[in-house]
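> My questions are about this predicted structure, shown below with the sequence.
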Amino acid sequence: MTRVFSSIKLELIAGDPRFVRFLEDWTFYSVVLGCLVTIPKGFICDLESVPFLKGTNNEAGAGHDFVSRSNFRLPDGSSIGKWTAAMVYREIQEYFDCLEAQEYDDNLWGKICRESNRVWDMARRGIKTGVVVIAPGYWQKHPIEATYEEMSGCKEKH
């Protein structure tokens, strides 16, 4: 089962809210990859950048950004493909959607809300996962250690 062990701790990059920097390591277990994945302190990413649905699951966006980097490797040294990275994105979204579903009351209104939200969550996950599969330009564009300047194309230090 996919597991997330803690909240992500981030800071916005001063002057450019598109990007964040991890303030602590963040670890999750991916069923898709069959291993623990640790995003290191200092990792810079844009979290979620799917238009219209941006920012609805920052943890999933961060996990996807990390496994999409050019030098991401599994423990056995092998690399993954774009489809697999998209499935990691989807599994983390689903993990948090399931946690959210537990927050509804068990009365009739709570059941109606839970079911309508479940349908919306499935649609949103499908759209977002599909977008990252077909989106051009981002796949393995940067290494894990990429700086803000490399990520943004900015020459100034922030």
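Cool, the structure landed. For clarity, every value in this text was computed on a predicted model and none was experimentally measured.

> who touches the helix or strand harbouring residue 12?
Per DSSP states H and E, residue 12 falls inside strand 10-13. Outside strand 10-13, the residues within contact range by C-beta atoms under 8 Å, 6 or more residues apart in numbering are 19, 20, 21, 22, 23, 44, 58, 148, 158. Just so you know, the C-beta spots here come from the backbone N, C-alpha and C atoms, and that holds for glycine as well.

> What are the buried residues along that strand?
Using 16 or more other C-beta atoms under 10 Å as the test for burial, strand 10-13 gives 10, 13.

> Stretch 82-97 now?
By neighbour count on 16+ other C-beta under 10 Å, the buried set for stretch 82-97 is 82, 84-97.

> count of residues packed around the residue lying closest to residue 43 once chain neighbours are set aside?
Among residues not flanking residue 43 along the chain, residue 22 sits closest, at 4.5 Å (C-beta to C-beta, 6 or more residues apart in numbering). Using other C-beta atoms under 10 Å, residue 22 has 19 neighbouring residues.

> can you offset everything so residue one is 23?
Okay, using 23 as the starting number, the last item reads as residue 44.

> partners of residue 44 in the sheet?
residue 32 (DSSP bridges).

> residue contacts, it?
Contacts of residue 44 by C-beta under 8 Å, 6+ apart are 30, 31, 32, 61, 62, 63, 64, 65, 66, 84.

> can you do 10 Å?
Counting by C-beta atoms under 10 Å, 6 or more residues apart in numbering, residue 44 touches 30-33, 61-67, 84, 88.

> Compare those and tell me which has the most neighbours.
Compared across the contacts of residue 44, residue 67 has the highest neighbour count, 26 neighbours, by other C-beta under 10 Å.

> quick one: the residue nearest to residue 53 when sequence neighbours are not counted and residue 40, what's the gap?
The shortest distance from residue 53 to any non-neighbouring residue, by C-beta to C-beta, 6+ apart, is to residue 24 (5.2 Å). From residue 24 across to residue 40, the span is 27 Å (C-beta to C-beta, to the nearest Å).

> ok, now residue 98?
Separation of residue 98 from residue 40 (C-beta to C-beta): 34 Å.

> Closest one to residue 52 out of the contacts of residue 44, please.
Closest approach between the contacts of residue 44 and residue 52, by C-beta to C-beta: residue 88, at 10.5 Å.
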